[in-house]
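A.B. asks: I'll drop the sequence and a predicted model, then ask my questions.
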Amino acid sequence: MNTPGHAVLNLLLLGNRECPRLFAPIALGAVLPDVPMFLFYLYQKVWLGTPERTIWSESYYQLGWQAFFDVFNSLPLVAIAALVAHAIKLPRVVALFASMMVHAICDFLLHRNDAHRHFFPFSEWRFASPVSYWDPRHYGAIVSSIEIVVVIIGAFGLFSQYPAKGPLGFLAFIFVCYGLYIAYALMVWV
């Protein structure tokens, strides 16, 4: 699932019109597990000038980078953090970690060759899902199409649920991201 898609899905699943102050922690928790990936990409592409092919076929799989990614996608670590936040009565922090958990579960179900160690550091095991969110050899075209539809329809629903300027700006940003994603996909597929 693409990062903006996580944000919309998590807001649909965890958001609450009655408690709009949870919008920011849910949105942040939805994107936080992918932040290490963005930092990795910026470092590889901008700082080192690594070719795109090398980034995704070699650099991505280096053990240090994998550990960096997996810490943010570790179900046990996120669950422990959520329990601590709950115990010390920090509901917004609980919402952030719950959102990270939903992100990690979606990734668990939709990553194949690029699967995370979702039980890191307690286990090295990776679940290679039969379904990929991006790889057409593993239903990626179908999953991507469903994701686009769900995100666009879901974002429209969220517009009415969160009328404040901050959430509206964030949702507009998601629309722009998906517009660019659709344009890119059409250029590649056509």
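C.D. replies: Nice, I can see it. From a predicted model like this one, the values you see are computed outputs, not experimental measurements.

A.B. asks: nearest residue to I152 other than its sequence neighbours?
C.D. replies: Y178 (6.6 Å; Cβ to Cβ, 6 or more residues apart in numbering). Quick note: C-beta positions are derived from backbone N, CA and C, even for glycine.

A.B. asks: hang on, the one you found packs against V150?
C.D. replies: No - with contact defined as Cβ atoms under 8 Å, Y178 does not count as touching V150 (10.7 Å).

A.B. asks: Neighbour count: the two, which is higher?
C.D. replies: Neighbour tally, Y178 and V150, criterion other Cβ atoms under 10 Å: the higher count belongs to Y178, 19 against 15.

A.B. asks: mind exporting stretch 78-89 as CSV, just the C-alpha atoms?
C.D. replies: Output in CSV follows, covering the C-alpha atoms of stretch 78-89 (Å, rounded to 0.1, in the frame of the first residue of the first chain):
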residue,chain,number,x,y,z
VAL,A,78,4.6,-0.9,18.5
ALA,A,79,2.3,-2.9,20.7
ILE,A,80,4.6,-2.4,23.7
ALA,A,81,4.8,1.3,23.0
ALA,A,82,0.9,1.5,22.7
LEU,A,83,0.5,-0.3,26.0
VAL,A,84,2.9,2.0,27.8
ALA,A,85,1.1,5.1,26.4
HIS,A,86,-2.2,3.6,27.5
ALA,A,87,-0.9,2.9,31.0
ILE,A,88,0.3,6.5,31.4
LYS,A,89,-3.0,7.8,29.9
